[in-house]
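> based on what follows, work out the 3D shape:
(chains A and B)
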Protein chains: 2
Amino acid sequence: MSTATSSTSTLLERIFEGEVRAVARAISIVEDNVETAAELMRGIFPRTGKGLVVGITGSPGVGKSSLVDRLAGLYRERQERVGIVAVDPSSPFSGGAILGDRIRMQALGLDPGVFIRSMATRGQLGGLARATVDAVAVLDAAGYGKIVVETVGVGQDEVEIVKAADVTVVVLVPGMGDDVQAIKAGIMEIGDVFVINKADRDGVLRTEKELEALLSLAHRADGWIPPIVKTVATENRGLQELADAIESYYEFQKGATEGLERRTSVARWRILELLRERLLARALKSETATLQVDKLAAQVAAKERDPYSAVEELMNLPRGEGS
Amino acid sequence: MSTATSSTSTLLERIFEGEVRAVARAISIVEDNVETAAELMRGIFPRTGKGLVVGITGSPGVGKSSLVDRLAGLYRERQERVGIVAVDPSSPFSGGAILGDRIRMQALGLDPGVFIRSMATRGQLGGLARATVDAVAVLDAAGYGKIVVETVGVGQDEVEIVKAADVTVVVLVPGMGDDVQAIKAGIMEIGDVFVINKADRDGVLRTEKELEALLSLAHRADGWIPPIVKTVATENRGLQELADAIESYYEFQKGATEGLERRTSVARWRILELLRERLLARALKSETATLQVDKLAAQVAAKERDPYSAVEELMNLPRGEGS
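Modelled structure (predicted):
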């Protein structure tokens, strides 16, 4: 509704020119505060949709980071600018992401054509998935031709994040297929491309056969049969094939009528995520409300009252000023 | 606030008597609708806190289900009633949970002293974590002495679910420790007890050494040094030691001053989760609002408008009746 303030206009211009510091600043804004992000994102949104967004997911230990780094390297050889957004939702403490980043920086961090950002949990207010999807949109608007979103784990948020990508890649390693848990993980349904990484290990053929069998049972609405690519990321093997498979699905889905259905479902999810986050932000805006939450949490912990009646009380507080 | 309606009072009485069908019915209520669950949960809450709640987490493929089943079997030998709540957040489609359950049922499902429930995603409205914690509370109030919550994956919700348990068990397998990803997973910080399952595999000593090294770097506020237990769940090996380690931490934390801090943090999280969910439910209560979401999602998908201004519009709708 409102026209952008002049500081937002300047920031938007710098982002559209691909200025790295402006991109970093914009991502910090979407991470920090959903309410101040709104003005910026309204300017970003119309400029999105040009970059290819690849979501890469899989369990810890399958070698996603190496795979992402090598894929980024390959895109760089083709003179593409690459954005990498790594989601690390489960570490509310320090350590993990920093260590990972330090290792990556050695290979890619000095290349000005690569932008790397780790998204950590936003704590109890939630909103990690929304902030991640917004960060991808910023990179897209800044002209990054390939944007890779890497998520660890298989939780609900992570699934939504990778579903929001144009192409979703699920990474496995040999030996996982022999366990019902691997099926239970439920990531089978979301993969447009499957990778068996560490394909120099024993059991690769068996895993491939089992995966093929599983995929043959799943009939996708769009008729796409997800290809299986074998890689050894640490030795740069299979990356070309992976890039080709990603490109194939990207081209395929452009023409498919199911594409609009998927985009509508993603849009719906984004709207509800954002609505949830903004309603909570509005409810907790006043100092009275935050103090009240502290008091109620202490009472619930002491078993003096139950969480439901505590929330009932918060629901009936007057709306914070300015909302 | 309101006194319980007579149907809720009857249901509560039956739950407190440990009637299995009443428990199942109550869990369905907390799964189905956060607003109707409120009355029930206000009655449940004062009766909780007697059972030992064990949260078990780890990546897909580490054998959590077998471990949980064997642990439940051991508790059954001690004449304890056992509740199992398995969270399967990432499979919005059918298949996974059902397959897993069918396998489990063969071993435990015929035993009336064991209650098993799979919690699946609640779709785009969220609330899985809240519903899971509520389900645990129902089992607790129904007199189940041991309640095991099993979560797959390492997302933010799953971390909160296992943190809400009295004792959190993190399951690894040999060979995972050699990967930075395993550290990045960020589950190290939340484990009160660590299990190396499939401990008959190669590399168990190395994984144990690496895990010890990692744990020695993490200084917990409560001074607890998490024990490492080696198991081969499928052969029933190490389960006694695991049960002892769980019991040890349970006794330890009862006396620790940090216990209240953890409980307050969990209470805070529960209140915010519930508040978020109820605010969204209230905002989407009217038919106008749900139709509006559909319309806006289609517009965002067609890039006719951005998600932020769409949400702005939803925020300004009048509140639904009865809220």
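
> what's the first helix or strand after the worst-scoring helix or strand of chain A on mean pLDDT?
Lowest mean confidence among the helices and strands of chain A (mean pLDDT, DSSP states H and E): helix A:180-184, at a mean of 43. The helix or strand immediately downstream of helix A:180-184 is strand A:193-196, counting by DSSP states H and E.

> who does that following strand pair up with?
Each strand that pairs with strand A:193-196, with its direction, by DSSP bridges: strand A:167-172 (parallel), strand A:228-230 (parallel).

> so residue A:118 sits right up against residue A:68, yeah?
No - at 11.9 Å, residue A:118 and residue A:68 do not qualify as touching, with contact defined as CB atoms under 8 Å. C-beta here means a position set from N, CA and C on the backbone, and glycine is covered the same way.

> and for the two, which residues touch both?
Common neighbours of residue A:118 and residue A:68, using CB atoms under 8 Å, 6 or more residues apart in numbering or on different chains, are residue A:86.

> just to revisit the earlier point, ok, of the strands paired with strand A:193-196, where does mean pLDDT dip lowest?
With a mean of 90, strand A:167-172 has the lowest mean pLDDT of these.

> ok so, going back, residue A:118 and residue A:68: which has the busier surroundings?
Shown here are residue A:118 and residue A:68; by other CB atoms under 10 Å in any protein chain shown, residue A:68 has more neighbours (25 against 18).

> show me what the host helix or strand of that one is packed against.
Per DSSP H and E: residue A:68 is located in helix A:64-77. Counting contacts by 3 or more CB pairs under 8 Å, 6 or more residues apart in numbering or on different chains; DSSP states H and E, helix A:64-77 packs against strand A:52-58, strand A:82-88, helix A:96-104, strand A:146-152, helix A:239-255, helix B:180-184.

> tally up the residues packed near the closest residue to residue A:317 other than its chain neighbours, please.
With sequence-adjacent residues excluded and distances taken as CB to CB, 6 or more residues apart in numbering or on different chains, residue A:317 is closest to residue A:289, at 5.6 Å. For residue A:289, the neighbour count with other CB under 10 Å is 17.

> centre of the chain to the one helix or strand residue A:289 maps to, how far?
Element membership for residue A:289 (DSSP H and E) is helix A:287-301. Relative to the mean C-alpha coordinate of its chain, helix A:287-301 is positioned 32 Å out (CA atoms, centre = their mean, to the nearest Å).

> what's downstream of that helix, the next helix or strand?
According to DSSP H and E, the helix or strand after helix A:287-301 is helix A:307-315.

> what residues does that next one touch?
A:283, A:289, A:292-293, A:296-297, A:299-300, B:1, B:37-38, B:41-42, B:45, B:267, B:270-271, B:274-275, B:278-279, B:282, B:323.

> I figured residue A:27 was touching residue A:136, is that so?
No - with contacts counted by CB under 8 Å, residue A:27 stays clear of residue A:136, the gap being 9.6 Å.

> buried residues in stretch A:15-29?
A:15, A:22, A:23, A:26, A:27, A:29 (16 or more other CB atoms under 10 Å in any protein chain shown).

> OK, contacts around the last one?
In this structure, residue A:29 makes contact with A:36, A:37, A:40, judged by CB under 8 Å, 6+ apart.

> got it, and the second one?
Contacts for residue A:22 were tallied using CB under 8 Å, 6+ apart; they are A:11, A:14, A:15, A:142.

> ok, it to chain B distance?
19 Å (CB to the nearest CB, to the nearest Å).

> what about that residue, which SS state?
helix (DSSP: H, G, I helix; E, B strand; the rest coil).

> what's the closest non-adjacent residue to it?
residue A:14 (3.5 Å).

> how about residue A:231?
Here the residue nearest residue A:231, using CB to CB, 6+ apart, is residue A:238, at 3.4 Å.

> would you mind listing what in the stretch 201-323 of chain A touches chain B?
A:260, A:263-272, A:274-280, A:282-283, A:293-294, A:296-298, A:300-303, A:305-312, A:314-315 (CB under 8 Å from any CB of the partner chain).

> can you rerun that using 7 Å?
A:260, A:263-264, A:267-272, A:274-276, A:278-280, A:283, A:293, A:296-298, A:300-301, A:303, A:306-312, A:314-315 (CB under 7 Å from any CB of the partner chain).

> on the three-state scheme, the residue positioned nearest the centre of chain A is what?
Centroid check for chain A by CA atoms, centre = their mean gives residue A:161 as the closest residue, at 4.0 Å. Here residue A:161 is helix, with the state taken from three-state DSSP.

> pLDDT score for it?
So, for residue A:161, pLDDT stands at 84.

> ok, it to residue B:298 distance?
22 Å (CB to CB, to the nearest Å).

> my guess is residue A:134 meets residue A:32, correct?
No - assessed by CB atoms under 7 Å, residue A:134 is found out of contact with residue A:32, at 11.3 Å.

> those two: who's more crowded?
Higher neighbour count among residue A:134 and residue A:32: residue A:134, with 26 against 12, using other CB under 10 Å.

> distance of the closest residue to residue A:194 other than its chain neighbours from residue B:262?
Ranked by CB to CB, 6+ apart and with sequence neighbours excluded, the top spatial neighbour of residue A:194 is residue A:228, at 4.7 Å. According to CB to CB, residue A:228 stands 44 Å off from residue B:262.

> go on, residue A:32?
For residue A:32 relative to residue B:262 (CB to CB), the value is 27 Å.

> which of the helices or strands spans the closest residue to residue A:307 other than its chain neighbours?
With CB to CB, 6+ apart as the criterion, residue A:307 has its nearest non-adjacent residue at 4.6 Å, and that residue is residue B:270. Per DSSP H and E, residue B:270 falls inside helix B:258-283.

> hmm, back to that, contact partners for the residue nearest to the centre of chain A?
A:55, A:87, A:129, A:132, A:133, A:149, A:151 (CB atoms under 7 Å, 6 or more residues apart in numbering or on different chains).

> next, the third one: secondary structure please.
Using three-state DSSP, the structure places residue A:129 in helix.

> from memory it sits against residue A:159, does it?
No - counting by CB under 7 Å, residue A:129 stays clear of residue A:159, with 9.3 Å between them.

> so which of the contacts of residue A:29 wins on neighbours?
Neighbour max across the contacts of residue A:29 (other CB under 10 Å) = residue A:37, 25 neighbours.

> which element is it on?
Per DSSP H and E: helix A:34-44 holds residue A:37.

> what's that helix in contact with?
Contacts of helix A:34-44 (CB under 7 Å, 6+ apart): A:4-5, A:8, A:11-12, A:26, A:29-30, A:127, A:134, A:137-138, A:141, A:277-278, A:281, B:306, B:308-309.
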